[in-house]
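K.L.:
Requesting a structural model of the entry that follows:
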Amino acid sequence: MKDIDDSKAPLLDHLIELRGRLLKCVYALFITGAICFYFSEQLFAILVHPLKEAFGDGSGRLVYTKLYEAFFVQVKIAVFGAFCLSFPIIANQLWAFVAPGLYAKEKKALLPFIIATPFLFAMGASLAYFVVMPTAFHFFLEFQGNSSGLQVEALPSADAYLGLVMQFILAFGISFLMPVLLMLLNRAGFVSRAQLIGLRRYMIVAAFILAAVLTPPDVVSQLMLAIPLLALYEITIIAIWFTDRKQAKELAATEAADAAG
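P.N.:
The predicted structure follows:
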């Protein structure tokens, strides 16, 4: 059988190859991290744009309450940017290490999911940046004003704001990977389309619980995560229906060919 690669390298050779690929991943992280640190001010300006728009008229400001806080904000931006930029390289190295041990059919099945992962993450992160964050920040800033004769003003720290932005981006980006996970579980035989349909009512509850855990404690952000999650769940069920039909046709064609032979 030639479906699988003929290489039968001993364990030591596999470990040497793994070490080399891990080193490439580390180099990619360091290089992209250095680039992101150099452009950290510009990157922070991009991340702070939704808050600037929410404040309006140049009235808002960010503060830092510790002398070293501004520096570590730049370090966090560099680390966060490094993981985002180097993910394609890391995924490529992981695939290059695992692929020789897979059958051709398994490679064909897994490759679309690996390609779809960064696109789905980018879709979730874009939804968070362009829609959810501006809406949530406008909602939060509505609480500014006078209270019993005292001025109530939002003075977010740079570190707290960056943490909130990263929470939004990671929560939505990772949540949008749910279709990949469910499709892989279906391909592996752990879950069927009928089971996913039967679990729909539990998924509704789980989506709102997950949204409550991953987003800030406001209803707007939670709804903006829970509703897309439920939509992605339904899209996944439809996608599995198409793949099941395709597999059934391929199986029928194979059986017909065998019968004819």
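
K.L.:
Please, where are all the strands along the stretch 101-250 of the chain?
P.N.:
145-147, 150-152 (DSSP state E, counting those that start in this stretch).

K.L.:
need the least confident one among those, by mean pLDDT.
P.N.:
If you rank those by mean pLDDT, strand 145-147 sits at the bottom with a mean of 78.

K.L.:
helices or strands up against that one?
P.N.:
The contact analysis (3 or more Cβ pairs under 8 Å, 6 or more residues apart in numbering; DSSP states H and E) places strand 145-147 against strand 150-152. (Each C-beta comes from the backbone N, C-alpha and C, glycine too.)

K.L.:
Can you identify each of the helices in the stretch 1-150 of the chain by residue range?
P.N.:
11-38, 40-55, 69-98, 104-127, 133-141 (DSSP state H, counting those that start in this stretch).

K.L.:
now these in a markdown table, with distance to Leu181 and mean neighbour count?
P.N.:
Shown next, in a markdown table, are these (distance: least, Cβ to Cβ, whole Å; neighbours: other Cβ atoms under 10 Å):
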| stretch | distance to Leu181 | mean neighbour count |
| --- | --- | --- |
| helix 11-38 | 22 | 14 |
| helix 40-55 | 28 | 16 |
| helix 69-98 | 15 | 17 |
| helix 104-127 | 9 | 16 |
| helix 133-141 | 25 | 18 |
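
K.L.:
Of all the ones you listed, which one is nearest Ser192?
P.N.:
helix 104-127 (16.3 Å; Cβ to Cβ).

K.L.:
Show me what the closest one is packed against.
P.N.:
helix 69-98, helix 158-175, helix 178-187, helix 219-260.

K.L.:
Look at the nearest residue to Phe44 once chain neighbours are set aside and report its pLDDT.
P.N.:
The shortest distance from Phe44 to any non-neighbouring residue, by Cβ to Cβ, 6 or more residues apart in numbering, is to Ile77 (5.7 Å). Here the pLDDT value assigned to Ile77 is 95.

K.L.:
Provide a list of residues in contact with Ile77.
P.N.:
Residues in contact with Ile77 (Cβ atoms under 8 Å, 6 or more residues apart in numbering) are Cys36, Phe37, Ser40, Leu43, Phe44, Leu47, Leu162.

K.L.:
again, but for Phe137
P.N.:
Neighbours of Phe137 in contact, by Cβ under 8 Å, 6+ apart: Pro50, Leu51, Glu53, Ala54.

K.L.:
Looking at the residues you listed, spot the one nearest Gln247.
P.N.:
Among the contacts of Phe137, and counting by Cβ to Cβ, the member closest to Gln247 is Pro50, at 43.6 Å.

K.L.:
what separates that closest one from His138, distance-wise?
P.N.:
According to Cβ to Cβ, to the nearest Å, Pro50 stands 9 Å off from His138.

K.L.:
Given the lowest-mean-pLDDT helix or strand in the chain, what are its sheet partners and their directions?
P.N.:
Across the helices and strands of the chain, mean pLDDT, DSSP states H and E gives its lowest value to strand 145-147, namely a mean of 78. Applying DSSP bridges, strand 145-147 is found paired with strand 150-152 (antiparallel).

K.L.:
Tell me how far the strand it pairs with lies from the chain's centre.
P.N.:
Computed by Cα atoms, centre = their mean, to the nearest Å, the chain-centroid distance of strand 150-152 equals 39 Å.

K.L.:
and Trp241, how many neighbours?
P.N.:
Residues lying near Trp241 (other Cβ atoms under 10 Å) number 12.

K.L.:
how close does the closest residue to it other than its chain neighbours sit to Arg201?
P.N.:
In space, and not counting its chain neighbours, Trp241 is closest to Arg193: 6.0 Å by Cβ to Cβ, 6+ apart. Going from Arg193 to Arg201 by Cβ to Cβ gives 16 Å.
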